[in-house]
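Chemist: Return a 3D structure for these sequence lines:
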Amino acid sequence: MDFKLTSTDKKSNARAGEITTDHGKIQTPIFMPVGTVGSVKAVHLKEIKDDIKAQIILGNTYHLYLRPGLEVLKQAGGLHKFNGWDKPILTDSGGYQVYSLAGTRKLKEEGVIFQSHIDGSRHTFSPEKVMEIQRTIGADIIMAFDECTPYPCDYDYAKKSMELTHRWLDRCITHFNITEPEYGYNQTLFPIVQGSVYRDLRIKSAEEIASKGTDGNAIGGLSVGEPVEMMYELTELVCSILPKEKPRYLMGVGTPVNILECIALGIDMFDCVMPTRNGRNGMLFTSEGIINIKNEKWKNDFSNVDENGGSFVDNQYSKAYLRHLFQAQEILGPMIASIHNLNFYLWLVGEARKQIIEGNFSEWKNVMVSKLSARL
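Modeler: Got it, this is the predicted structure:
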């Protein structure tokens, strides 16, 4: 993988760049639609590629390992061949899913023993096994195995968890370096900064991760319930330590406002289930603010969903029609809303990139942040 910076903002730490993988180029800043089980929920990959114009999508190691399973994925030739997506893929290592299974897992030095949410069967994830699973899935960018701490958690727990994540990282790197890609193209390993909400731990973790010299780095354990101001403060702190010449990925973030604010802090890559999850529940993100399309006020509104922000659905469906679909519980409604929201997110990061290159990002960002928080 190669990364080059093309532009930086003079009034913030925002930057525009380009990541090159064996499955194509990714222009940053970028938002990555979440395809947990190899699909972006309720959206065809053809729409993701041709209409939304996503440049990279996510898969999840935990979910793909359990279903369809490694044997099927290997026979298919990896996830790209299995789902037909020929652009870059990133896989989350499963650390966050293990975190969410706190009631049914045992955390040890060796790894994590957990029960499947599907059938209750018991499995073990070690750093080495997670590397092997992601080799079999075949993503272009794979994540180191980490423990994502909950919020709140006490200092001692956060410190021990961070140190465990660092030891696991060393094992991930060792195993990654002694194994080869399964399908003839290169894979890149990103480590993950942890440390909960404690500044000294975040500094220590960022320094440790930076010292590994990997081709990119991720920030985990944020957007898990902490105040948003704390998330921004810690993101800025970590970005000041992680190398400028490597892409920075903020995991699981977030709202359109979160994304713009964190681009300003120096983040290059984002993912979040919010566009599709909220879309399925009738929440639409637009360039003028947030719409609850189920509200009565849209019943006779035949205008486009978003007049200014670029939307796949703008020239096809009105607010009134989309509201009607939700009222009628027609499955097409959540599908259209998901496509709209994903398209808006990709438009937003693309516009941010354009503004960075043109030298207007900070002024544009400040205007957009005030709009994007409004409830229409």
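Chemist: Now do the same contact list for the most far-flung residue of the chain relative to its centre.
Modeler: For the chain, the residue at maximal distance from the C-alpha centroid (Cα atoms, centre = their mean) is Asn300, at 36.0 Å. Listed by Cβ atoms under 8 Å, 6 or more residues apart in numbering, the contact set of Asn300 reads Ala320. Where you see a C-beta, it was placed from the backbone N, CA and C, and this is true even at glycine.
Chemist: in which helix or strand would I find it?
Modeler: Element membership for Asn300, per DSSP states H and E: none, as it lies in no helix or strand.
Chemist: Please report the distance of it from Pro334.
Modeler: Note on Asn300: its distance to Pro334, by Cβ to Cβ, to the nearest Å, is 22 Å.
Chemist: Ile263 too?
Modeler: Distance from Ile263 to Pro334, by Cβ to Cβ: 28 Å.
Chemist: so where do the helices sit in the stretch 251-376 of the chain?
Modeler: Remark: helices assigned in the stretch 251-376 of the chain by DSSP state H, counting those that start in this stretch are 256-265, 274-280, 319-327, 332-358, 361-372.
Chemist: looking at those, which is closest to Gly225?
Modeler: Proximity to Gly225 (Cβ to Cβ) singles out helix 256-265 among the helices of the stretch 251-376 of the chain, at 13.7 Å.
Chemist: counting contacts, what elements does that closest one pack onto?
Modeler: Identification of packing neighbours for helix 256-265 by 3 or more Cβ pairs under 8 Å, 6 or more residues apart in numbering; DSSP states H and E yields helix 228-239, helix 332-358, helix 361-372.
Chemist: and Ile133, what does it touch?
Modeler: Here Ile133 is in contact with Thr61, Leu64, Tyr65, Leu70, Gly94 (criterion: Cβ under 8 Å, 6+ apart).
Chemist: Closest one of those residues to Ala352?
Modeler: Set against Ala352, the nearest of these by Cβ to Cβ is Thr61 (29.1 Å).
Chemist: Without its sequence neighbours, what residue ends up closest to the closest one?
Modeler: Gly94 (4.2 Å; Cβ to Cβ, 6 or more residues apart in numbering).
Chemist: Could you check how far the one you found is from Arg105?
Modeler: 11 Å.
Chemist: Show me which of those two is the more surrounded one.
Modeler: Gly94 (26 against 18; other Cβ atoms under 10 Å).
Chemist: Now do the contacts for the more buried one.
Modeler: Gly94 makes contact with Asn60, Thr61, Tyr62, Tyr65, Phe125, Val130, Ile133, Phe145 under the criterion Cβ under 8 Å, 6+ apart.
Chemist: Kindly recompute the last result at 7 Å.
Modeler: Asn60, Thr61, Tyr62, Phe125, Val130 (Cβ atoms under 7 Å, 6 or more residues apart in numbering).
Chemist: between those residues, which is nearest Asp22?
Modeler: Among these, and counting by Cβ to Cβ, the member closest to Asp22 is Thr61, at 19.6 Å.
Chemist: got a list of what the closest one touches?
Modeler: Thr61 neighbours (Cβ under 7 Å, 6+ apart): Thr91, Asp92, Ser93, Gly94, Val130, Ile133, Gln134, Ile137.
Chemist: Over to Ile26?
Modeler: Ile19, Gln55, Ile56, Pro88.
Chemist: May I see the ChimeraX selection of the buried members of these?
Modeler: Buried residues among the contacts of Ile26 (16 or more other Cβ atoms under 10 Å), as a ChimeraX selection:
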select :19,55,56,88
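Chemist: can you tell me which of the contacts of Ile26 are in strands?
Modeler: Mapping these onto strands (DSSP state E) picks out Ile19.
Chemist: nearest to Gly195, of the contacts of Ile26?
Modeler: Ile19 (25.4 Å).
Chemist: Against Gly254, how distant is Lys87?
Modeler: On the measure of Cβ to Cβ, Lys87 and Gly254 end up 23 Å apart.
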